[in-house]
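> When you get a sec, could you give me coordinates for this:
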Amino acid sequence: MKKNLLTMLMIAFAIAASAQRYAGGDISLLTKYEEHGARYYDSNGNAISDMLTFFKNEGMNAMRVRLFVDPSVAPSSEKGEGVCQDLEYVKALGKRIKDAGFKLMLDFHYSDSWADPVKQYTPAAWATLTDAQLQTKIYEYTADVLQQMKDFGAAPDFIQTGNEISYGMMWAGRSASQTTWKKYYAGQSANAERFFSLLKKAGEACRDKCPSAKIVIHTERVANTTYLKAFYNDMKTAGIDYDIIGLSYYPYYHKDFAQLESALSTLESNFPEKDIMLVELGYYHKWQPDGVDFNYGNTYPITEAGQKAFTDALIQKLESHPNVKGIFWWWMEANEYGLNWNTQRVTDAWYNAGLFDNETGKALSALSSLKDFIGTTGIDGIYNEPVTGESSRIYNLGGQRLSAPQHGINIINGKKVIWK
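The predicted model follows:
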C-alpha cells in the first residue's frame, strides 16, 4: 500500500507541475504610477502599502512586463500612452516581481514603441541593417537582455519573442513607405522566410540564456480562426521552436465567448502539444469608447459588476479548455487616483478597463476573480481522507471539472485528494 501511495504521489506531483495554471496581469506601468503618487486601495478602502504583496495576497502567481528597445526615441504621443519601458526599468520591476514570488513573463516588442498588428517598426538604431544583419542583431540583443535580467535577479520564466506578431515583425523603419514594409501573411511566401529566421534567432537566444523558460509566440487573431490556424501551421512547418501559443482577447475587438471558444478549440485540436495563454485580456468597467468592433455591453454591462460578471464567465468557459494555462489582465494597475492631472499624470488618457477605479483608487471586484482560474489546479497538499462530492468543486489533474470524484487523485475544494 505504501509503495502504491508513493507512486501515486510522484505521479500526482509530475502531472500537477505540467497542469499548473497562472493568473495575473501586465503591470508594465506600475513603477510610473507609484513614482507619480497614485494611491491604491483594496476593495474595502484600506490603503495598499505594497502592490506586489497585495497581488500575491489576492492569489495571483504571475506578472507580465513589456520591453522596448529604446523608448526614448518614441514619438511623444506614444510616450503619453505609456511607452517608457527600457531595459533598466524592466530589470528593476522584474526583480520586484521575482522577489515577491511571482513568475515573470517578459514581452519583447523588438521596437522602440508599440508593436502590434498595424505597426511593427524596426528599432531606429537597427533601421539600416540588412535582413542578415537583423538576424544577428536580434540574437545578440535578446541574449544580452536575458543575461542582464539573470544577473540582476530577474530571470523571466516565460518569454514572448515578439508582441502580436500575426503579420510578422520589424517590417521597416518608422519613416519607410508602407509599400516597402516587409510584412508577412500566414500561408503566403512573401517575407515568410525572413520572419521565420528572425523568430528562430530570437528563440535560440532564449534557449541559450534561459533554457528553463517557456517561449511564447503571441498573436491576436482570435476573431479570425482561419488565419489563426494558418499562422500556427506556418510555425509548425517552419520548425519554429516555442512552447506556448499566446493570444490577445479583448471582446470589443475579438467578439464574444463563442468566438473565443471556437479559436481555442481549433488550436487545441490542431496543436494539442502546445499550451495556450491569454497573455492580454481586458474588459471595460466604465466609459467604453464609441466605435468598438463588438459591443458586449448588453450581456456584460460596462460597469464594475459587468466587468466582474465577464471575468467570472470567462474563467468558467476556460474550464473546458485544459490547454489554456494562463490569463494576464492587460494594464491591470491603471489608476489615476491621487495624481495631479496637470503635473503628475502618467498617461494622456484614462484607461477604464484596468482593475482599479480611476476615481477612487479602489480595487475592483473583478480583480478578486482572477485567482479562481488557478483554483482549479492550485494545490496546497495531498490528503488521504474521506470526502463527499456533494457541494464540492471537484476537478481532475488536467483542470477539468467533475460531477463526482473519480478513483485516484482528485482536486476537491483546492486540495489534492486520493479517492479510493
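> the helices in the stretch 51-200 of the chain, which residues?
For the stretch 51-200 of the chain, helices defined by DSSP state H, counting those that start in this stretch occupy the ranges 51-57, 76-79, 87-99, 131-151, 192-209.
> Give me the distance between the first one and the centre of its chain.
Relative to its chain's centre, helix 51-57 lies at 18 Å (CA atoms, centre = their mean, to the nearest Å).
> Quick check: next helix or strand after the one helix or strand Thr226 maps to?
Counting by DSSP states H and E, the element that carries Thr226 is helix 225-238. Next helix or strand after helix 225-238 toward the C-terminus (DSSP H and E): strand 244-249.
> between that next one and helix 225-238, how big is the angle?
For strand 244-249 and helix 225-238, the angle between their directions (axes from the mean of the first three to the mean of the last three CA atoms, to 10 degrees) works out to 160 degrees.
> ok, back up a step: closest to Lys362 out of the helices of the stretch 51-200 of the chain?
With CB to CB as the criterion, Lys362 lies closest to helix 51-57 of the helices of the stretch 51-200 of the chain, at 12.0 Å. Every C-beta, even on glycine, is put in place using the N, C-alpha and C of the backbone.
> before we move on, back to that, hey, C-alpha coordinates of the helix holding Thr226 in PDB?
Presented in PDB, the C-alpha positions along helix 225-238 are these (Å, rounded to 0.1, in the frame of the first residue of the first chain):
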ATOM      1  CA  THR A 225     -10.000  31.400 -36.700                       C
ATOM      2  CA  THR A 226      -8.900  30.600 -40.200                       C
ATOM      3  CA  TYR A 227      -5.900  32.900 -40.100                       C
ATOM      4  CA  LEU A 228      -5.000  31.800 -36.600                       C
ATOM      5  CA  LYS A 229      -4.800  28.200 -37.700                       C
ATOM      6  CA  ALA A 230      -2.800  29.100 -40.800                       C
ATOM      7  CA  PHE A 231      -0.300  31.100 -38.700                       C
ATOM      8  CA  TYR A 232       0.500  28.300 -36.300                       C
ATOM      9  CA  ASN A 233       0.500  25.900 -39.100                       C
ATOM     10  CA  ASP A 234       3.300  28.000 -40.600                       C
ATOM     11  CA  MET A 235       5.100  28.000 -37.300                       C
ATOM     12  CA  LYS A 236       5.000  24.200 -37.300                       C
ATOM     13  CA  THR A 237       6.000  23.800 -40.900                       C
ATOM     14  CA  ALA A 238       8.900  26.200 -40.400                       C
END
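> on that earlier part again, closest to Gly361 out of the helices of the stretch 51-200 of the chain?
Comparing these against Gly361 with CB to CB, the closest turns out to be helix 51-57 (11.6 Å).
> which other residues reach that closest one?
Contacts to helix 51-57, defined as CB atoms under 8 Å, 6 or more residues apart in numbering, come from residues 24-25, 27, 30, 34, 40, 42, 48, 63, 96-97, 100-102, 333, 363.
> Could you list every helix and strand in contact with the helix holding Thr226?
Counting contacts by 3 or more CB pairs under 8 Å, 6 or more residues apart in numbering; DSSP states H and E, helix 225-238 is packed against helix 192-209, strand 214-219, helix 257-270.
> List the buried residues of stretch 67-78.
For stretch 67-78, a neighbour-count test (16 or more other CB atoms under 10 Å) marks 67-69, 71, 74, 78 as buried.
> Out of these, which is nearest to Gln148?
Using CB to CB, the shortest approach to Gln148 within those belongs to Leu67, at 10.9 Å.
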